[in-house]
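[1] just coords:
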C-alpha cells in the first residue's frame, strides 16, 4: 500500500495548493491513502470546520491537528461529527474527538492513524506521548488487525521525534514529524521496518519564516518587540510530505521518498 503524508498546511496559500494539486499528486504517485496535517490551515492558527471540509474534498482521507487543535472554536464541536479529523492522543483528558482511529483503504485494507504531541520545548505540559502510543500500537499490530499504521509526532525537539521513531520501530509502518515546518533530510527505514522522517515540512510559502510573512517575525527577532500578529505568507506554496510504500502482510515499510511539489522547494529539472 502507498501512504502519502503532507506536512502542516499553512494559511490560504497552503490550502490553495492542496485544493489545486492534491488529487493530481495522488494519481501520479498512485497513493492509496492520504493523511494531511491541517492544524495551521486557518489564518496560520488552527483549523476551522469550513477549511477542514475543503481539505477533505481536496483528497485528504484523514486530517490530523496538533497543539493548535482547537484555536478555531468551531472545531470543538465539529471534530465530534467528523471522524476523519484527529486531535493528538495526549492533548487533554477531556478533549473532544479522538487521537487515533482505524480507517478503510482500497482493497478492504485497514490503516491506523494516530497523533501525539511532544513534551520538550512545548508551551503546555502535555501528557506522556510514549505511553499513549504504546496502548494504541499494542491494540493494533501492523500486518494483523491493520495492514499499515501511521504516527504523526507533533513536536518541537528533533531528539524527541527521533526517540518516538525508535520507540515505534517494528510496531508502526510510518512515524513522521510535524510542527516545525522545515523538512529534514533524514527519510529512512529503521531496522524494524518503520519508515521515519523527523519533519515532513509544511504545505505553505517557503519565502517566509516557517510560513509566516517575514515582517513581524523579523521585527520581533531584531527589536525584541511586537507590533502586530503573525500573518501567513501569501506566495506560491510548496506541497511537502512523504510517500511510503508498505507490505500488506507485515506492515513493514519497503520504500520511503520525500515529496516536494511546486513553490521554492520544487526539485530542479534533471
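    Sure, I can see it. Bear in mind that the values here come from a model prediction, so they are computed numbers and not experimental data.

[2] ok, now which ones touch residue 35?
    3, 4, 5, 6, 60, 61, 62, 63, 64, 113, 150, 152 (CB atoms under 8 Å, 6 or more residues apart in numbering). Yep, even glycine has a C-beta here, placed from its N, CA and C like the rest.

[3] which residues of the stretch 1-150 of the chain fall in helices?
    With DSSP state H, counting those that start in this stretch, the ranges of helices along the stretch 1-150 of the chain come out as 11-29, 49-58, 75-81, 129-139.

[4] show me what counts as buried in the last one.
    For helix 129-139, a neighbour-count test (16 or more other CB atoms under 10 Å) marks 129, 132, 133, 136, 137 as buried.

[5] quick one: buried ones out of the contacts of residue 35?
    3, 4, 5, 6, 60, 61, 62, 63, 64, 113, 150, 152.

[6] just send those back as a markdown table, with distance to residue 37 too.
    As requested, these are exported to a markdown table (distance: CB to CB, whole Å):
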| residue | distance to residue 37 |
| --- | --- |
| 3 | 14 |
| 4 | 12 |
| 5 | 8 |
| 6 | 7 |
| 60 | 10 |
| 61 | 13 |
| 62 | 10 |
| 63 | 7 |
| 64 | 5 |
| 113 | 11 |
| 150 | 11 |
| 152 | 6 |
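
[7] re the thing from before, now the helices of the stretch 1-150 of the chain as JSON lines including mean pLDDT and distance to residue 90?
    Below are those laid out as JSON lines (pLDDT from 0 to 100; distance: least, CB to CB, whole Å):
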{"stretch": "helix 11-29", "mean pLDDT": "97", "distance to residue 90": "25"}
{"stretch": "helix 49-58", "mean pLDDT": "98", "distance to residue 90": "21"}
{"stretch": "helix 75-81", "mean pLDDT": "97", "distance to residue 90": "16"}
{"stretch": "helix 129-139", "mean pLDDT": "97", "distance to residue 90": "5"}
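
[8] and of those, who's closest to residue 43?
    When the helices of the stretch 1-150 of the chain are compared by CB to CB, helix 11-29 sits nearest residue 43, at 6.4 Å.

[9] quick one, strands of the chain?
    2-6, 8-9, 33-37, 62-64, 85-86, 100-105, 109-117, 148-154, 174-178, 188-189, 195-197, 202-203, 239-246, 253-261 (DSSP state E).

[10] deepest-packed of these, please.
    Mean neighbour count (mean count of other CB atoms under 10 Å) peaks for strand 202-203 among the strands of the chain, with a mean of 34.

[11] how about the contacts of residue 35, which pair is most distant?
    So for these, where distance means CB to CB, the most widely separated pair is 3 and 63, at 14.7 Å.

[12] still on that earlier bit, ok, the buried ones among the contacts of residue 35 vs residue 247, which is closest?
    Of these, the one sitting nearest to residue 247 (CB to CB) turns out to be residue 3, at 12.0 Å.

[13] what residues does the residue nearest to that closest one when sequence neighbours are not counted make contact with?
    If the residues on either side of it in the chain are set aside, residue 3 comes closest to residue 244, at 4.8 Å by CB to CB, 6 or more residues apart in numbering. For residue 244, the contact set (CB under 8 Å, 6+ apart) comprises 2, 3, 5, 150, 173, 174, 195, 253, 255, 256, 257.

[14] for the fourth one, which residues are in contact?
    So that's residue 150. Counting by CB under 8 Å, 6+ apart, residue 150 touches 3, 5, 35, 111-114, 172-176, 244.

[15] any chance of CSV for the residues you listed, columns pLDDT and distance to residue 23?
    Below are the contacts of residue 150 laid out as CSV (pLDDT from 0 to 100; distance: CB to CB, whole Å):
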residue, pLDDT, distance to residue 23
3, 98, 16
5, 98, 16
35, 98, 15
111, 98, 19
112, 98, 24
113, 98, 20
114, 98, 25
172, 98, 27
173, 98, 24
174, 98, 22
175, 98, 26
176, 98, 21
244, 98, 19
